[in-house]
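Undergrad: Quick check, what structure comes out for this input:
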Amino acid sequence: MAAAQIIWSGTLTITPTSVVGASPGGGFPIPGGTDQEPVLLQPNPKPSAVRAIGNKRNASALGTYVALSGVGSTDNVQTADFLYVVTDAPMVLRLTMQDLVAGTGTTQQLVQVEGPQVFNFPVRGYLVGIEASGAGNIAYLASGPQ
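TA: Modelled structure (predicted):
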């Protein structure tokens with residue numbers, strides 16, 4: 001049986017190939033072009049021992065947070081190093097993570113989202129809980145070492 005893993009790869013292409021408009025300072029043109037950046041996880045592929053998949057309608061008002069099942073001390077994923085979230089409306093996520101700097105306890109961060117979002121959490125800073133606030137649909141995939 002092969003080890004479970006998440007592979008996320010691709011290329012982010014940023015354009016335009018030319019820029020129209022006035023030059024800054026009046027004398028120097030703004031260079032056009034196309035930039036490409038690789039889209040990879042760290043590490044890539046990322047080992048995945050456990051996972052949680054959810055598709056939930058979150059009808060709470062902004063400022064009221066609802067815990068999303070699947071990530072937490074009593075859920076399938078106790079520590080996540082990867083989180084993919086997609087929403088169809090503006091929402092705020094409250095992410096609870098192990099405190100990477102202090103080395104003990106947890107820290108929380110509020111993240112505004114709409115559409116797809118990918119989070120790659122570092123070792124010693126794993127995601128240990130996720131809550132959402134807002135009205136709309138949210139789907140997510142969390143994966144981690146335990």
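Undergrad: alpha carbons only for contacts and neighbour counts from here, please
TA: OK.
Undergrad: remind me which residues of this structure are low pLDDT?
TA: 1-2, 16-32, 57-59 (pLDDT under 70).
Undergrad: tell me the domain ranges of it?
TA: 5-40, 48-144 (automatic domain parsing).
Undergrad: for those, which one ends up most surrounded?
TA: The highest mean neighbour count among those, using mean count of other C-alpha atoms under 10 Å, belongs to domain 48-144: a mean of 18.
Undergrad: what about it, how long is it end to end?
TA: 5 Å (C-alpha to C-alpha, to the nearest Å).
Undergrad: In this structure, where's the longest strand?
TA: strand 82-98 (DSSP state E).
Undergrad: Quick one: list the elements packing against that strand.
TA: The contact analysis (3 or more C-alpha pairs under 8 Å, 6 or more residues apart in numbering; DSSP states H and E) places strand 82-98 against strand 106-120, strand 127-133, strand 135-144.
Undergrad: for it, the distance to its chain's centre please.
TA: Between the centre of strand 82-98 and the centre of its chain there are 6 Å (C-alpha atoms, centre = their mean, to the nearest Å).
Undergrad: So in that sheet, which strands flank it, and in what orientation?
TA: Using DSSP bridges, the strands paired with strand 82-98 are strand 106-120 (antiparallel), strand 127-133 (antiparallel), strand 135-144 (antiparallel).
Undergrad: Output that strand as PDB, nothing but the C-alphas.
TA: Presented in PDB, the C-alpha positions along strand 82-98 are these (Å, rounded to 0.1, in the frame of the first residue of the first chain):
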ATOM      1  CA  PHE A  82      -2.200  21.600   4.700                       C
ATOM      2  CA  LEU A  83      -5.600  23.300   4.400                       C
ATOM      3  CA  TYR A  84      -7.500  24.000   1.200                       C
ATOM      4  CA  VAL A  85     -10.700  26.100   1.600                       C
ATOM      5  CA  VAL A  86     -13.100  27.400  -1.000                       C
ATOM      6  CA  THR A  87     -16.100  29.700  -0.300                       C
ATOM      7  CA  ASP A  88     -18.800  31.100  -2.400                       C
ATOM      8  CA  ALA A  89     -19.200  34.300  -0.300                       C
ATOM      9  CA  PRO A  90     -17.000  36.500   1.900                       C
ATOM     10  CA  MET A  91     -16.100  34.700   5.200                       C
ATOM     11  CA  VAL A  92     -13.700  35.100   8.000                       C
ATOM     12  CA  LEU A  93     -11.800  32.000   9.200                       C
ATOM     13  CA  ARG A  94     -10.400  31.800  12.700                       C
ATOM     14  CA  LEU A  95      -7.400  29.500  12.500                       C
ATOM     15  CA  THR A  96      -6.000  28.100  15.800                       C
ATOM     16  CA  MET A  97      -2.400  26.900  15.400                       C
ATOM     17  CA  GLN A  98       0.300  25.600  17.600                       C
END
